[in-house]
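1. Mind folding the following:
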Amino acid sequence: MALSQADEFWADFIKNTGRDEDDRCAGDIDFESGGIKNDAQVAMILAGKKKAIFSTFASYNADGEPLPVTGELYLLMDRSKTPRAVLELENVIVLPFNEVPWSLAQLEGEDSSLEEWKERQEEYLKDEGAIVGFTFSPDLKLICQIFNVVYR
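-> The predicted structure is shown next:
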């Protein structure tokens, strides 16, 4: 049986990096926005401009997914679901939206100030809340995942 593109990429990662064959992929990161926006996010990661992503605790709870853990490995997928890199979580931080410092917000690589980041995030979180079933508030719990590209 032929391996999927993702399985082949993962096997190459293990072989070419000397990682333990027992290392498992925790999932994939593919930016739900899809399309060109997805590929722009992927390009920012590959260029080293984007080193973190934020998500809501409420989304993990609604999906019944476990929270990410430092050290986990993820496949970074482009909009065509082609694996582009392996990311390793360097740190996972849970904190309220209103306590996110600029030092973390700027790791997303998209904004020029904390105020700009908060404005963009608040709009996104209100939209996400309408879909997932939560109401935005300044103390909404966020999950900040800081990562490194360990293979491409």
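
2. The longest strand seen in the chain: partners in the sheet, and parallel or antiparallel?
-> For the chain, the strand with the greatest residue count under DSSP state E is strand 83-96. Here strand 83-96 has these sheet partners by DSSP bridges: strand 73-77 (antiparallel), strand 141-151 (antiparallel).

3. Residue ranges in the chain under the pLDDT threshold?
-> 1-3, 32-36 (pLDDT under 70).

4. What segments of it are helices?
-> 5-17, 35-46, 57-63, 102-105, 114-132 (DSSP state H).

5. now the angle from the second one to strand 83-96?
-> On the basis of axes from the mean of the first three to the mean of the last three Cα atoms, to 10 degrees, helix 35-46 is oriented at 90 degrees to strand 83-96.

6. can you check the first one too?
-> Between helix 5-17 and strand 83-96, the angle comes out at 90 degrees (the same axes, to 10 degrees).

7. how about helix 5-17: buried residues?
-> Neighbour counts over helix 5-17 (16 or more other Cβ atoms under 10 Å) mark 9, 10, 13, 14 as buried. All C-beta atoms are positioned from the backbone trio N, CA, C, and that covers glycine.

8. From residue 108, how far out is the spatially most central residue of the chain?
-> Central residue of the chain (Cα atoms, centre = their mean): residue 53, 4.5 Å from the mean position. Distance, residue 53 to residue 108, by Cβ to Cβ, to the nearest Å: 7 Å.

9. before we move on, back to that, right, so of the helices of the chain, which gets closest to residue 151?
-> Taking Cβ to Cβ, helix 5-17 is the member of these nearest to residue 151, at 4.6 Å.

10. For that closest one, which outside residues touch it?
-> 3, 19-21, 23, 25, 28, 75, 77, 81-83, 86, 150-151 (Cβ atoms under 8 Å, 6 or more residues apart in numbering).

11. Which residues are in contact with residue 120?
-> Neighbours of residue 120 in contact, by Cβ under 8 Å, 6+ apart: 110, 111.

12. distance of it from residue 114?
-> 11 Å.

13. what about residue 149, how many neighbours?
-> 16 (other Cβ atoms under 10 Å).

14. That one against residue 49, yeah?
-> No: using Cβ atoms under 8 Å, residue 149 is not in contact with residue 49; the gap is 11.4 Å.

15. can you pull up the bridge partners for residue 145?
-> The partner residues for residue 145, given DSSP bridges, come to residue 53, residue 92.
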